[in-house]
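Q: Okay, sequence plus prediction incoming.
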Amino acid sequence: MIMNTYLTYGIIFVILLVLELCYFKVADHFNIIDKPNERSSHSTIVLRGGGIIFLIGVWIWSAFFGFQYPWFLLGLTLVSGISFVDDIHSLPDSVRLVAQFAAAAMAFYQLGILHWSMWWIILLALIVYVGATNVINFMDGINGITAGYSLAVLVPLTLVNMNGVFVEQSLIISTILSSLVFCIFNFRPKGKAKCFAGDVGSIGIAFIILFLLGNVMIRTTDITWLIFLLVYGMDGCLTIVHRIMLHENLGEAHRKHAYQIMANELKVGHVKVSLLYTVMQLVISLGFIYLCPDTVLAHWLYLVGVSAVLAIAYILFMKKNYHLHEEYLISLKQ
């Protein structure tokens, strides 16, 4: 039985690898590429949309293990499809947001929480779900960070879900396999990546991870499991606050995240920065699982304490290094 399971996962991995290579042929033929600009953290033309492998991975999982989460799959397909179209031909924000909210509603229906008798709580939860999806998307800016960080979330999830008590374990493992395939072509030094995730990848993997975490939070009635996304959350949310303080248009491209300043202004290698974020999240999540007492109070104290440490670290980092980004912006105007 165990050997058959391993064989199945091996077959899935090979299929995913072959399909990713096939996508590269398609992307190259139709010129689906990412051209660098002054806001980019890369300097060469790279194939875009390699992150479509996350959507493909869930479809293949469904084919092998049964279509157990049809509404989730439909929502993922919708949001990834719209994101893929946006990667090729830019769509209005309104179109993308409508698709994201519709897809989130499908995920909520799958989770069994789309109860309109408490419409205001559902509406707030939908806003958080879509907002978190976009924060994860905003964090996709250097080689390896999306795939590496995804593994830092998915691996602890497999440990928490070891007996399949929250969600189908095979879905988490299949998503890990998709991430590993993407890592092969993206977790590389600057200028060496074969492909970028594109919005189809970063939005897609965000949707999957939030659905998996949603299952855990609903069955434990404990939202502190969001700590599995804390590193991304702190950088993403504090950067948004920073941009609001600077009176910037949040819809415009930028490179003000802490990880971007590390990679661009401080010239730290993409792989090193991605590993830093991956390892930080892994340490925090594993500490939450194995060191933090399994009580509501302990979970909240751990979440608040680690959040405070990360927030202080972010502020100190920006105070020391943000001037380098300002100098870069001035150089663009000269």
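A: Received, thanks. Numbering: from 1, shown residues only.
Q: Quick check: nearest residue in space to Ile45, chain neighbours excluded?
A: Take Ile45 and drop its neighbours on the chain: the residue closest to it by CB to CB, 6 or more residues apart in numbering is Ile33, 5.2 Å away. No exception for glycine: its C-beta is placed from N, CA and C like everyone else's.
Q: so what's that neighbour up against?
A: Ala27, Ile45, Val46, Leu47, Arg48 (CB atoms under 8 Å, 6 or more residues apart in numbering).
Q: so it bridges to which residues?
A: With DSSP bridges as the criterion, Ile33 is bridged to Leu47.
Q: mind checking how far the helix or strand of the chain with the lowest mean pLDDT is from the chain centre?
A: Using mean pLDDT, DSSP states H and E, strand 33-34 stands out as the lowest-scoring helix or strand of the chain, at a mean of 82. Strand 33-34 has its average C-alpha position 20 Å from the chain's average C-alpha position, going by CA atoms, centre = their mean, to the nearest Å.
Q: Ala107 reaches Ala206, doesn't it?
A: No. Look at Ala107 against Ala206 with CB atoms under 8 Å: they stay out of range, at 11.4 Å.
Q: Settle this for me: Phe187 is touching Val273, isn't it.
A: No. In this structure, Phe187 is not within contact of Val273 by CB under 8 Å, at 11.6 Å.
Q: out of these two, which sits in the busier spot?
A: The neighbour comparison of Phe187 against Val273 (other CB atoms under 10 Å) goes to Val273, with 26 against 23.
Q: could I have the host helix or strand of that one exported to CSV, CA atoms only?
A: Per DSSP states H and E, Val273 falls inside helix 270-290. What follows is helix 270-290, C-alpha atoms only, in CSV (Å, rounded to 0.1, in the frame of the first residue of the first chain):
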residue,chain,number,x,y,z
HIS,A,270,18.1,36.1,-4.8
VAL,A,271,18.7,32.6,-3.6
LYS,A,272,20.0,33.9,-0.2
VAL,A,273,17.1,36.2,0.3
SER,A,274,14.6,33.5,-0.7
LEU,A,275,16.2,31.1,1.7
LEU,A,276,16.2,33.7,4.5
TYR,A,277,12.4,34.1,4.2
THR,A,278,11.9,30.4,3.8
VAL,A,279,14.0,29.4,6.8
MET,A,280,12.4,32.2,9.0
GLN,A,281,8.9,31.0,8.3
LEU,A,282,9.9,27.3,8.8
VAL,A,283,11.5,28.1,12.2
ILE,A,284,8.4,30.1,13.3
SER,A,285,6.0,27.5,12.1
LEU,A,286,7.9,24.5,13.6
GLY,A,287,8.2,26.4,16.9
PHE,A,288,4.4,27.0,16.9
ILE,A,289,3.8,23.2,16.3
TYR,A,290,6.4,21.7,18.6
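Q: which strands and helices sit next to it?
A: The contact analysis (3 or more CB pairs under 8 Å, 6 or more residues apart in numbering; DSSP states H and E) places helix 270-290 against helix 145-160, helix 230-245, helix 258-264, helix 296-333.
Q: for this structure, what are the low-confidence residue spans?
A: Counting by pLDDT under 70, the chain contains low-confidence ranges at 1-3, 35-44, 334.
Q: Of the helices and strands packed on helix 270-290, which is nearest Tyr6?
A: helix 145-160 (14.7 Å; CB to CB).
Q: ok, and for the closest one, which residues are buried?
A: By neighbour count on 16 or more other CB atoms under 10 Å, the buried set for helix 145-160 is 145-157, 160.
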